[in-house]
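Colleague: I'd like to go over a predicted model; first the sequence, then the structure.
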Amino acid sequence: MPLVAAAVCPHPPLIVPELAGAAAPELDGLRAACDAAIADLMDSGAHRIVVVGDGPESRTYHSPYRGSLARWGVDIEVSFGAGRPGYRPAPLPLSLTVGAWLLCRHPTGPSAVARMHAVATEADPAVAATLCAGHGSDADWGLLVMGDGSACRGPKSPGYDDPRAEAYDDGVARALADADAEALLGLDPALSAELKVAGRAPWQVLAGAARAAGGDWRGELRHYGAPYGVAYVVASWERA
């Protein structure tokens, strides 16, 4: 069965209000855009959801899923799914933990997850593009793609200031708005690493899966900003 839709969201820990504290309202717009993108993904006809995000290594996670945000200051655990008695799943990386947290905000989000994939931050574009290109399912399926843009958007950003960052992020936002898989596949791994981009490989997973599914795609850019010196982009893709 084919890929029918995708949602693209960032994964800043501060999107979780308990972590943001008094600053939580500053990300209300981002949070709402992510909720809307996931709601549309769940309403798209996709019966199973695959979640993709960056991580220290490429690996697949199966139910049950467990992630913790304790290292970011608040002991919040996100978990769902059933497993064999006594089995303790490997902890999810940040990208998938935030993805799981966003899915838990939707009534049917957790029950729709088929699996979660971490793709190594430095993964070759050709390898990333094939990660979900051959995904087999007995039902129409969708992708939730987690990834941040450049972390070099100003002197107070985690990566300080890089004059190339804004143009890079603008290009990603255009590609996601236009459902331009080729533009995403053309993102340079070396430049992406220099700009501390966490979303490059996951976005290329989306591009490869959409290209493999064939047909025309329509994109919608729901949010684009860099409030803390890191670019956050939210988008939706669906078959045209």
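Modeller: Right, received. Where do you want to start?

Colleague: Without its sequence neighbours, what residue ends up closest to the spatially most central residue of the chain?
Modeller: By CA atoms, centre = their mean, the mean C-alpha position of the chain lies nearest to residue 146, the distance being 0.9 Å. Of all residues beyond its chain neighbours, the one nearest residue 146 is residue 53 (3.6 Å), with distances taken as CB to CB, 6 or more residues apart in numbering. Backbone N, C-alpha and C define where each C-beta goes, glycine included.

Colleague: what about the one you found, which SS state?
Modeller: With DSSP: H, G, I helix; E, B strand; the rest coil as the basis, the three-state label of residue 53 is strand.

Colleague: Show me what it is bridged to.
Modeller: Beta-bridge pairing for residue 53 (DSSP bridges): residue 118.

Colleague: how far away is it from residue 8?
Modeller: From residue 53 over to residue 8 the distance is 11 Å, taken as CB to CB, to the nearest Å.

Colleague: Find residues that contact each of the two.
Modeller: Taking CB atoms under 8 Å, 6 or more residues apart in numbering as the criterion, residue 53 and residue 8 both touch 145, 147.

Colleague: Against residue 157, how distant is residue 227?
Modeller: Taken as CB to CB, the span from residue 227 to residue 157 is 10 Å.

Colleague: Would you mind pulling up the elements that the helix or strand hosting residue 97 packs against?
Modeller: Assessed by DSSP states H and E, residue 97 sits inside helix 94-104. Using 3 or more CB pairs under 8 Å, 6 or more residues apart in numbering; DSSP states H and E as the contact test, the elements touching helix 94-104 are strand 3-9, helix 28-42, strand 48-55, strand 65-68, strand 77-80, helix 109-112, strand 113-120, strand 141-146.

Colleague: I'd like the mean pLDDT over the last one, please.
Modeller: Pointing back at strand 141-146 there. Across strand 141-146, the average pLDDT comes to 97.

Colleague: how far off strand 141-146 does the helix or strand just after that strand point, in degrees?
Modeller: For strand 141-146, the following helix or strand on the C-terminal side (DSSP H and E) is helix 165-177. If you take axes from the mean of the first three to the mean of the last three CA atoms, to 10 degrees, helix 165-177 sits at 170 degrees to strand 141-146.
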